[in-house]
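1. predicted model follows, preceded by the sequence.
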Amino acid sequence: MVIGYLADAGQVASLSAFLADRRQHLSALVVDPICGDEGRAYVSEPLIRAWPDLFASADWVFPNQTEIELLTGERGELAIAAF
């Protein structure tokens, strides 16, 4: 299963509930936390804060540099280390 763009934090909660009951039936979960690029966010702060709830269930997470910075609140190498 692949999870990418979400419109709001409520969708994270819905997906988390879905995964709580069905994760064992998925061979892999890939999450691309689409939330920003080129140094800026293009989703709401509540959604950025909610994304990590899905990371715990994921086998792979593929954020870009801006997304790592948004998700960790750090910049550059510090963000990568924090992630």
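-> Now that the structure is in, tell me what you want to look at. Because the structure is predicted, anything quoted here is derived from the model rather than measured. Numbers count the residues shown, from 1 in each chain.
2. residue contacts, the closest residue to residue 69 other than its chain neighbours?
-> Closest residue to residue 69 apart from its sequence neighbours, by C-beta to C-beta, 6 or more residues apart in numbering: residue 79 at 4.5 Å. Every residue, glycine included, has its C-beta placed from N, CA and C. Taking C-beta atoms under 8 Å, 6 or more residues apart in numbering, we find residue 79 in contact with 65, 68, 69, 72.
3. look up how far residue 60 lies from residue 79.
-> Separation of residue 79 from residue 60 (C-beta to C-beta, to the nearest Å): 19 Å.
4. cool, residue 49 as well?
-> Distance from residue 49 to residue 60, by C-beta to C-beta: 21 Å.
5. what's residue 31 in contact with, if anything?
-> Residue 31 neighbours (C-beta under 8 Å, 6+ apart): 2, 3, 51, 54, 55, 58, 60, 61, 62.
6. skipping its backbone neighbours, what lies nearest it in space?
-> Nearest non-adjacent residue to residue 31, counting by C-beta to C-beta, 6+ apart: residue 58, 4.3 Å away.
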